[in-house]
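*Asks:* Below are the sequence and a predicted model for it; my questions follow.
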Amino acid sequence: MLGLIKRTLVNKDRKVLLALYKSIVRPHLEYCCSAWAPHYVKDKELLEKVQHRFTRLFKDLRDMNYLQRLDCLGLWTLKEKRNRPDVIEVFKLHKGLTTIPFECFFSLDTTRRTRGHSLKISKHSCIKDIRKYFFSNRVINRWNSLPDHIVQASSINVFKNGLQKMRSSRMGVFHGQLMFANPRGRIPAPDQRTGSAPGATAPGK
């Protein structure tokens, strides 16, 4: 699809290319991602290469690394785009906004904690990858690390706005580990303490 856009489109205006990418290309990479989200690094990189190719369509951005190009274009990495819906889905389950009961996937941690919010989810040990990386297990750490004022949001829109503000101040909150190979070498994942990558600022939504 990217090749088709590149070959047939005469007007390479940034707004036009971004609109086409978001409406034609990216939906194929994100559809139902909570169900099929990959956990092997090779699969994550394979998906990320599609967006990497798109960002290199802009000649004025080719001297930048991948994360800097995303920043200029106002895009998130595809890994962030997959991780964010996971915590949104947990919020919807907790608030009863879906037909599936919260208890089908999760159970609240009833032990007394001195840190974190009051809606922490219990996590059980897993032996096999098929369980370890399933939605109901992979999202727990990310959900439990959210601030209390976000998980206690009164509506889904308030929750999403809280996630957006948190990401703006802490790049990497949805990022996880990302090592992406490109002609300039591998881009390191954001620092676990600062959440920032060398030479990059937080991309927009």
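*Replies:* Yep, that arrived.

*Asks:* can you map out the strands along the chain?
*Replies:* Counting by DSSP state E, the segments of the chain that form strands are 180-182, 185-187.

*Asks:* State the distance from residue 93 to residue 133.
*Replies:* 19 Å (Cβ to Cβ, to the nearest Å). Just so you know, the C-beta spots here come from the backbone N, C-alpha and C atoms, and that holds for glycine as well.

*Asks:* These two: who's more crowded?
*Replies:* The neighbour comparison of residue 93 against residue 133 (other Cβ atoms under 10 Å) goes to residue 93, with 18 against 14.

*Asks:* pLDDT score for the more buried one?
*Replies:* pLDDT, residue 93: 93.

*Asks:* repeat for the one 5 residues further on
*Replies:* Looking at residue 98, its pLDDT reads 90.

*Asks:* again with the one 5 residues further on
*Replies:* In the predicted model, residue 103 carries a pLDDT score of 89.

*Asks:* again, but for residue 4
*Replies:* 81.

*Asks:* That one: neighbour count?
*Replies:* Residues near residue 4, counting by other Cβ under 10 Å, number 11.

*Asks:* Now do it against residue 24, distance only.
*Replies:* In terms of Cβ to Cβ, residue 4 sits 9 Å off from residue 24.

*Asks:* try residue 62
*Replies:* Applying Cβ to Cβ, the value for residue 62 to residue 24 is 22 Å.

*Asks:* which ones are touching residue 28?
*Replies:* By Cβ atoms under 8 Å, 6 or more residues apart in numbering, the contact list for residue 28 reads residue 1.

*Asks:* Surely residue 81 touches residue 33?
*Replies:* Yes - in this structure residue 81 lies within contact range of residue 33 using Cβ atoms under 8 Å: 7.4 Å.

*Asks:* What are the buried residues along stretch 4-20?
*Replies:* Using 16 or more other Cβ atoms under 10 Å as the test for burial, stretch 4-20 gives 5, 17, 18, 20.

*Asks:* Now for those: which two are most distant?
*Replies:* The largest separation in these, counting by Cβ to Cβ, is between 5 and 18 at 11.2 Å.
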